[in-house]
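# predicted model and sequence follow; I will ask about them next.
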Amino acid sequence: MSKLNQTQTELLQILTNRNQSYTLDDLASLLNLANRSSVHYNIKELTKKGYIKTNPNNPSDYLVLDQQDTGITLLPLYSGAKCGPDGKFISDYETDEIPIPSKILKFEVSNALAIRAEGDSMEPKIPANSVVIVNKNENEYEPHNPFLIINNNQPLIKMLFIDNSKDLILLSSYNSKYEPFLANSDNFRIIGKVRAVFNFF
């Protein structure tokens, strides 16, 4: 399980031991936080880390999960990863949340990022409009594996070929109708390795 900061630890204890329902304002008061948005942020962090989930019968209520079985976690879903050379910016704010069984990730939930693939250049392995799960902790170059990268401030899902001796980064697609192209080595970074693709969201 991912580590919690002091506020998240106190919030989890309150949610675990409560004998009544609390509003966000109630929780802010109990935690000595300035406003409810701080509570909302920490609740989202607890959810992402697999400690709690929303009560399906009451969206304002939260269920504390058995720490031996984290069950379902909600990942923030971002849009804008264009599977092609004309990628779009990743928004600073997620567009949605998707439920993912924590156990299938095979890595820390806190390192997971979900993003919607757009375009067909990574088909058939990554279909257009599929949801791609990325491990942000796996951000070192590997050949023959797809990665979420930023090139010229644009998010793209591509396979990589990097030749450090020539300062060369080549971005390629699964779909043969798209030609490989060079990345801008001065404005390039690897966000993480693609670990799963879902077509049913």
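Cool, got the structure.
# in the chain, which spans are helices?
Counting by DSSP state H, the chain has helices at residues 6-17, 24-30, 36-48, 102-105.
# can you tell me which of these is packed in deepest?
Most buried of those by mean neighbour count (mean count of other C-beta atoms under 10 Å) is helix 36-48; its value is a mean of 18. To be clear about C-beta, it is placed using only N, CA and C from the backbone, and glycine gets the same treatment.
# next one: it to chain centre, how far?
16 Å (C-alpha atoms, centre = their mean, to the nearest Å).
# got the helices of the chain as JSON lines, with distance to Tyr141 and mean pLDDT columns?
Formatted as JSON lines, the helices of the chain follow (distance: least, C-beta to C-beta, whole Å; pLDDT from 0 to 100):
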{"stretch": "helix 6-17", "distance to Tyr141": "33", "mean pLDDT": "86"}
{"stretch": "helix 24-30", "distance to Tyr141": "43", "mean pLDDT": "90"}
{"stretch": "helix 36-48", "distance to Tyr141": "27", "mean pLDDT": "88"}
{"stretch": "helix 102-105", "distance to Tyr141": "22", "mean pLDDT": "74"}
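# quick check: Glu138 touching Ile191?
No. Because the distance of 9.8 Å does not satisfy C-beta atoms under 8 Å, Glu138 is recorded as not touching Ile191.
# quick one: which of those two has more around it?
Neighbours per residue, other C-beta atoms under 10 Å: of Glu138 and Ile191, the larger number sits with Ile191, 20 against 17.
# going along the chain, name the strands of the protein.
52-55, 58-64, 72-82, 96-101, 112-118, 131-135, 146-151, 154-163, 168-172, 181-182, 188-198 (DSSP state E).
# so for Thr23, which of these sits nearest?
strand 58-64 (7.4 Å; C-beta to C-beta).
# mean confidence score for that closest one?
Averaging pLDDT along strand 58-64 gives 72.
# what of stretch 153-165?
On average, stretch 153-165 scores 90.
# is it possible to get JSON lines of the strands of the chain that adds distance to Leu11?
As requested, those are arranged in JSON lines below (distance: least, C-beta to C-beta, whole Å):
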{"stretch": "strand 52-55", "distance to Leu11": "9"}
{"stretch": "strand 58-64", "distance to Leu11": "10"}
{"stretch": "strand 72-82", "distance to Leu11": "16"}
{"stretch": "strand 96-101", "distance to Leu11": "19"}
{"stretch": "strand 112-118", "distance to Leu11": "21"}
{"stretch": "strand 131-135", "distance to Leu11": "26"}
{"stretch": "strand 146-151", "distance to Leu11": "30"}
{"stretch": "strand 154-163", "distance to Leu11": "32"}
{"stretch": "strand 168-172", "distance to Leu11": "42"}
{"stretch": "strand 181-182", "distance to Leu11": "47"}
{"stretch": "strand 188-198", "distance to Leu11": "27"}
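# thanks a lot, see you next time.
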